[in-house]
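Student: This is a predicted model, with the sequence first.
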Amino acid sequence: MKAFVFVGRNRPEDEWSGVLSKLELEFVRFRDPDNCWYQQDYWQSQILEAISKHGNPDVSFGSSMGGWAALYFQPIIKAKRVIAFTPQTTTVPDEMISMGGKKNVKWGNNLKNMNYSGDRLPVSDNNSILYYGIDSKATADTEHQKIAESLGYNIKTINTREHNLAGWLHERGELLPILRNELNQITANSKTI
């Protein structure tokens with residue numbers, strides 16, 4: 001099975017390596033060193049180049065900013081499933097700022113300073129599973145979850161207030177079983193076609 005992995009904001013480059021190697025996935029990793037939500041002009045061409053070289057992935061992963069990218073580029077990637085943990089649903093600077101929290105104001109202002117107008121997630125293709133914490137301490141996560149629900153995304157919640165949900169689950173040994181279950185769903189759906 002092939003995967004595309006989008007690393008989150010300020011996360012280590014090998015963020016997903018250990019988990020994905022245990023799942024025995026071939027994967028292509030993308031990392032935005034500028035922390036600009038993969039919105040620079042060159043990202044689309046890099047993704048298209050990866051598709052041309054490796055083919056369309058079976059699954060696409062990401063957390064936070066990386067989750068945004070996995071979902072945002074799904075119309076191009078056409079993965080059988082996107083698995084995103086606490087993804088943002090908008091990168092429109094004023095919308096990010098209005099969602100509250102010091103980090104959102106900072107990130108929104110950073111994007112404004114780049115003269116970036118922002119974008120929003122596309123409507124769900126029903127192949128995406130988004131995980132959010134219940135009653136997240138990051139108030140913006142709750143706002144993003146509401147937006148994702150309004151766009152028709154499949155939402156699963158975990159009983160935590162943690163924004164770095166994938167890391168939190170990994171520390172508790174719960175991430176690998178969740179990912180295995182999601183990957184099994186891809187396999188099961190492929191067999192019924």
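Tutor: Arrived safely.
Student: Now do the strands in the protein.
Tutor: 2-6, 26-30, 59-63, 81-85, 128-133, 154-158 (DSSP state E).
Student: ok, the third one: who's next to it in the sheet?
Tutor: Think strand 59-63. Sheet pairing here is set by DSSP bridges, and for strand 59-63 it gives strand 2-6 (parallel), strand 81-85 (parallel).
Student: what's in contact with the first one?
Tutor: Here strand 2-6 makes contact (CB atoms under 8 Å, 6 or more residues apart in numbering) with 15-16, 20, 25-32, 38, 47, 50, 54-62, 65-70, 77, 79. Any C-beta I mention is one placed from the backbone N, CA and C, and that applies to glycine too.
Student: got the angle for it vs strand 26-30?
Tutor: For strand 2-6 against strand 26-30, the angle between stretch directions is 20 degrees (axes from the mean of the first three to the mean of the last three CA atoms, to 10 degrees).
Student: lowest average confidence, helix or strand, in the chain?
Tutor: helix 102-113 (a mean of 70; mean pLDDT, DSSP states H and E).
Student: And it, what's buried?
Tutor: By neighbour count with 16 or more other CB atoms under 10 Å, helix 102-113 contains the buried residues Asn104, Trp107, Gly108, Leu111, Lys112.
Student: what's the closest of the strands of the chain to Ala148?
Tutor: Closest of the strands of the chain to Ala148 is strand 128-133, at 5.3 Å (criterion: CB to CB).
Student: quick one: that closest one to strand 154-158, angle?
Tutor: 30 degrees.
Student: where does the protein have low pLDDT?
Tutor: The model of the chain has pLDDT under 70 over residues 10, 12-14, 100-104, 114-117, 135-138, 189-193.
Student: middle-most residue in it, spatially?
Tutor: Taking CA atoms, centre = their mean, the centroid of the chain lies closest to Gly67, which sits 0.9 Å from it.
Student: Return the residues in contact with that residue.
Tutor: So Gly67 contacts Phe6, Gly8, Ala84, Phe85, Thr86, Pro87, Gln88, Leu130 (CB under 8 Å, 6+ apart).
Student: so which of those is the most crowded?
Tutor: Phe6 (34 neighbours; other CB atoms under 10 Å).
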